[in-house]
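Engineer: Got a sequence here, can you build the structure:
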Amino acid sequence: MAKEKICFIINPISGTRKKDAWPEIIHRIIDASRFDIRIFFTEQAGHASELAGRQIDEGVPYIVAVGGDGTVNEVAMSVRDTQAAMGIVPCGSGNGLARHLHIPMKLTEALKLINNASVISIDYGVVNSRPFFCTFGAGFDARISHAFATNGKRGFMTYVSIIAREFISYRSRKYKLKIDGNKFKTKAMMVTIANSAQYGNNGYISPYADITDGELDVCILRPFPKFRAVRLAFRLLHKSIHKSPYYSMIKGKKIVLTQKCEENVHLDGEPHTMGKKLKIKIVPQGLKVLVQKDGKIG
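Structural biologist: Numbers count the residues shown, from 1 in each chain. Coordinates of the predicted model:
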């Protein structure tokens, strides 16, 4: 029987670990009796998407992103709406989609999962024609993603220190929202459109998000007293942000978010500038992914 082709796309600078030895580990753990293994390292931003697209054109059915949320986003951009399926070996700072899909954080365990994985289809979102697969955000979380991206250090503690620093000076913004035709205005610290439950690092912005329900969760965090910040951070990390009086969530399929001024936004943790008016929609079941054999996600 012919072997199935599988491609691993490794981002060498994601996370904090060196990856020189990872090709040898991949060859040691991935079932060579089943898979014909291909391995590539990315060289610059956008290269992961380019590599994935070429492999799909050559008929490779499994494309594995080895990196953080940015690498996953790039690979998924090419895999979406095709017959190929994306695997994830998480090694970034947040690993939001991987955590939602219950993919192990350890390299060897994530590789072992691939040998016996199931393929399921999940939703993804689109903002002004650009896809996201985990979360899209405007406001404070976008400020953090920009500061983290331009910081020379990686890791969870760097993320925490940036949040503490930026929180001191950040002020809430005014937004206009239209969700499935219903219009309203709000003042918010941030507006996050969640496909999956968390940003990453087990920070749950929409604890009960369903990545297969054909809807997006519009999460609004309204202004709050600064002394409440620690309590809100605790809720974010313990799946209880939805219990806060400063939080609300509305489900929708088509969303228009209008900022008063053009500011940074983020897609899957990567900062972008996309204008003041942001048109967002859900694409149901548009991405095939490799998950645990029992299909457990969320």
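
Engineer: for this structure, longest helix please?
Structural biologist: helix 156-169 (DSSP state H).

Engineer: now for it, which elements pack on it?
Structural biologist: When contacts are defined as 3 or more C-beta pairs under 8 Å, 6 or more residues apart in numbering; DSSP states H and E, helix 156-169 packs onto helix 140-149. (C-beta placed from N, C-alpha, C; glycine too.)

Engineer: Go through the longest strand seen in the chain and flag the buried ones.
Structural biologist: In the chain, assigned by DSSP state E, the strand with the most residues is strand 277-291. Residues of strand 277-291 classed as buried by neighbour count (16 or more other C-beta atoms under 10 Å): Leu278, Lys279, Ile280, Ile282, Val283, Gly286, Leu287, Lys288, Val289, Leu290, Val291.

Engineer: now stretch 135-150
Structural biologist: With the criterion 16+ other C-beta under 10 Å, stretch 135-150 contains buried residues 135-148.

Engineer: Closest to Pro90 out of those?
Structural biologist: Thr135 (15.7 Å; C-beta to C-beta).

Engineer: Show me what the closest residue to the closest one other than its chain neighbours bridges to in the sheet.
Structural biologist: Using C-beta to C-beta, 6 or more residues apart in numbering and skipping residues adjacent in sequence, the residue nearest Thr135 is Ala194, 5.1 Å away. With DSSP bridges as the criterion, Ala194 is bridged to Thr135, Asp217.

Engineer: Same question for His266.
Structural biologist: Where His266 sits in a bridge, its partners, by DSSP bridges, are Gly137, Pro271.

Engineer: coming back round to it: what would the buried residues of strand 277-291 look like in CSV with pLDDT and distance to Asn202?
Structural biologist: Output for the buried residues of strand 277-291, formatted as CSV (pLDDT from 0 to 100; distance: C-beta to C-beta, whole Å):
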residue, pLDDT, distance to Asn202
Leu278, 97, 27
Lys279, 98, 30
Ile280, 98, 25
Ile282, 98, 24
Val283, 98, 26
Gly286, 98, 26
Leu287, 98, 22
Lys288, 98, 25
Val289, 98, 19
Leu290, 97, 21
Val291, 96, 18
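
Engineer: Would you map the helices across the protein?
Structural biologist: 22-29, 47-57, 69-79, 96-100, 107-115, 140-149, 156-169, 229-237.

Engineer: how about TSV for those helices, with distance to Val127 and mean pLDDT added?
Structural biologist: Listed next are the helices of the chain as TSV, based on distance: least, C-beta to C-beta, whole Å; pLDDT from 0 to 100:
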stretch	distance to Val127	mean pLDDT
helix 22-29	32	95
helix 47-57	16	97
helix 69-79	12	94
helix 96-100	16	94
helix 107-115	28	96
helix 140-149	12	82
helix 156-169	22	76
helix 229-237	22	92
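
Engineer: possible to save those as JSON lines with distance to Gln259?
Structural biologist: Below are those laid out as JSON lines (distance: least, C-beta to C-beta, whole Å):
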{"stretch": "helix 22-29", "distance to Gln259": "40"}
{"stretch": "helix 47-57", "distance to Gln259": "27"}
{"stretch": "helix 69-79", "distance to Gln259": "22"}
{"stretch": "helix 96-100", "distance to Gln259": "23"}
{"stretch": "helix 107-115", "distance to Gln259": "37"}
{"stretch": "helix 140-149", "distance to Gln259": "10"}
{"stretch": "helix 156-169", "distance to Gln259": "18"}
{"stretch": "helix 229-237", "distance to Gln259": "22"}
